[in-house]
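Participant: From the sequence below, what's the structure:
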Amino acid sequence: VAPGTANFQEGEVARAEVYEETADIHKEAFVRENVEIHKEVERDMVEGQETLRREELEVDTEGKPVVERRPRK
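Facilitator: Have a look, this model is predicted:
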């Protein structure tokens, strides 16, 4: 409104809209690329020979068992 063009009367209320600019910042997730994953299993057979330890069992014929306690590893 230009000065002098609006004449307000006593008790009259004038309303004016005030606008404001604000920044609208947000994050959005989107698909950037598709990746295909598959699993391939490869098996190899290997033959070998190995000498294993021998175990012996001692039995007391008198009925008294022989017990050796070894700590677990």
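Participant: show me where pLDDT drops low in the chain?
Facilitator: Across the chain, the ranges flagged by pLDDT under 70 are 1, 60, 63-67, 69, 71-73.
Participant: Tell me which residue is most central in it.
Facilitator: residue 29 (16.6 Å; CA atoms, centre = their mean).
Participant: who are the neighbours in contact with that residue?
Facilitator: Not one residue lies near residue 29 by CB atoms under 8 Å, 6 or more residues apart in numbering. Where C-beta positions appear, they are placed from N, C-alpha and C, glycine not excepted.
Participant: Report the separation between it and residue 6.
Facilitator: 51 Å (CB to CB, to the nearest Å).
Participant: And for residue 70?
Facilitator: Counting by CB to CB, the gap from residue 70 to residue 6 is 105 Å.
Participant: which of these two has more neighbours?
Facilitator: Using other CB atoms under 10 Å as the criterion, residue 70 and residue 6 rank with residue 6 on top: 8 against 5.
Participant: Let me see the contact set for that one.
Facilitator: residue 14.
Participant: Secondary structure element holding it?
Facilitator: Assigned by DSSP states H and E, residue 6 falls within no helix or strand.
Participant: repeat for the one 10 residues further on
Facilitator: In the assignment (DSSP H and E), residue 16 maps to no helix and no strand.
Participant: Identify the residues contacting residue 42.
Facilitator: Neighbours of residue 42 in contact, by CB under 8 Å, 6+ apart: none.
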